[in-house]
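Here is a sequence together with a model predicted from it:
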Amino acid sequence: MWPAVVIFLVGFFAGVPSAVGQPVRGAFPSPSIQILPMMVGAERGFYKREGLDMELIFVRGASTAVQALLANQIQFIFSVGPQMPAVWEGNDIMLLAQQVGRPTFSLVVTPDIQKIADLKGKKIGVTLGGSTAAGTKALLELNKINSDKDVEYISLPGNEPKIAAMKQGIISAALLAPPADYLAMKAGMKRLLSLADVFKDTAFTGLAATARTIKENPQMVKRMVRAIVRSVIHTRDNPEDALQVAMKRLGMERDAAQDAYQMIREALVPVPTEKGVELMAQWQAIALNTKPKRKPGEYMDLRFVNEVMVELGQK
């Protein structure tokens, strides 16, 4: 069993369980815009349409979700980067499809910061071991700033503590996910840049399962992939409906939802590229001070998503 302190069963994400359907469990890393297609799928019945009685589970802590997946306590994980360290150690977790192909974070800074170079010698809020740490380091390195020597990191899990620390002058910057970036700007901070504009092909959130699950339940896996593909396409092609789901499921104000949606709309692409997965692998490697030990093609299984795309008449 998982520790109760780190797992939360979020019933309202799954909707009302159907009387029939194959029980399936999937874990997601955080209730944010990065998993909007997954939420659209629950809200609009795409899982039930595939005969799946889907239980969506919010797991606080990526490593916990990965452990649960490997223990077969869940069948799917709605992520890309968090499982990579386990993949590099030889675990057969396969990426099946993509939800959002760009990072959803914005670099939010205090008013005195005018450009990225101004961050030298400053304190930056990150969640150590998470995507914010990986993204921050990757962004700094891209801008010729030594990510280990030129800045100081303050570990602050979650968006709200990072905003509070900026208000108090404890840190000068942080990567924030919607709607926290929007709320921080309303509180007097400013968005220096959006990572979606910098890393335009990065497999940020997706759908993954173990090789065992794929081998033992290929039809169930394909139905799940089809549900996610439909969800991604629906989210991309129906902006107003996507906004309604974001406001309902994430509690976002309309302006914040619109701001976040525009950030990801072009990146709502269900088929990941090896280049995009490799870039996410580089993020994780930077955060962990290591090197990727396997090539993306070794842990990508795109048979199902490619079949589904053809069946749905998608390019």
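Yes, it's here.

L183 against A256, yeah?
Yes - shown here, L183 and A256 form a contact pair, counting by CB atoms under 8 Å, at 7.2 Å. Yep, even glycine has a C-beta here, placed from its N, CA and C like the rest.

Neighbour count: those two, which is higher?
Neighbour comparison, L183 and A256: the larger count goes to A256, with 22 against 18 (by other CB atoms under 10 Å).

How much space separates the more buried one from W88?
Distance of A256 to W88, computed by CB to CB, to the nearest Å: 36 Å.

Check P178 too.
Using CB to CB, P178 is found at 30 Å from W88.

Compare these two (neighbour count), which wins?
When neighbours are counted by other CB under 10 Å, P178 comes out ahead of the other of P178 and W88, with 26 against 18.

Could you tell me how far that one is located from K190?
Look at P178 and K190: by CB to CB, they are 15 Å apart.

which phi and psi does P179 have?
The phi and psi torsions at P179 (degrees, to the nearest 10) take the values phi -90, psi 10.

how many neighbours does it have?
P179 has 23 nearby residues by other CB under 10 Å.

measure the closest residue to it other than its chain neighbours to I33 for me?
Of all residues not flanking P179 in the chain, A256 sits nearest, at 3.9 Å (CB to CB, 6 or more residues apart in numbering). Applying CB to CB, one obtains 9 Å for the distance of A256 from I33.

Tell me who's in contact with the spatially most central residue of the chain.
In the chain, the centroid-proximal residue (CA atoms, centre = their mean) is T205; its distance is 3.8 Å. If you count contacts by CB atoms under 8 Å, 6 or more residues apart in numbering, T205 has them with Q34, I35, M38, F78, S79, V80, Q98, Q99, V100.

Take the residues you listed and keep only those in strands.
Judged by DSSP state E, the contacts of T205 include Q98, Q99, V100 as members of strands.

quick one: which of those is nearest to K120?
Proximity to K120 was ranked across these by CB to CB; first place goes to V100, at 30.7 Å.
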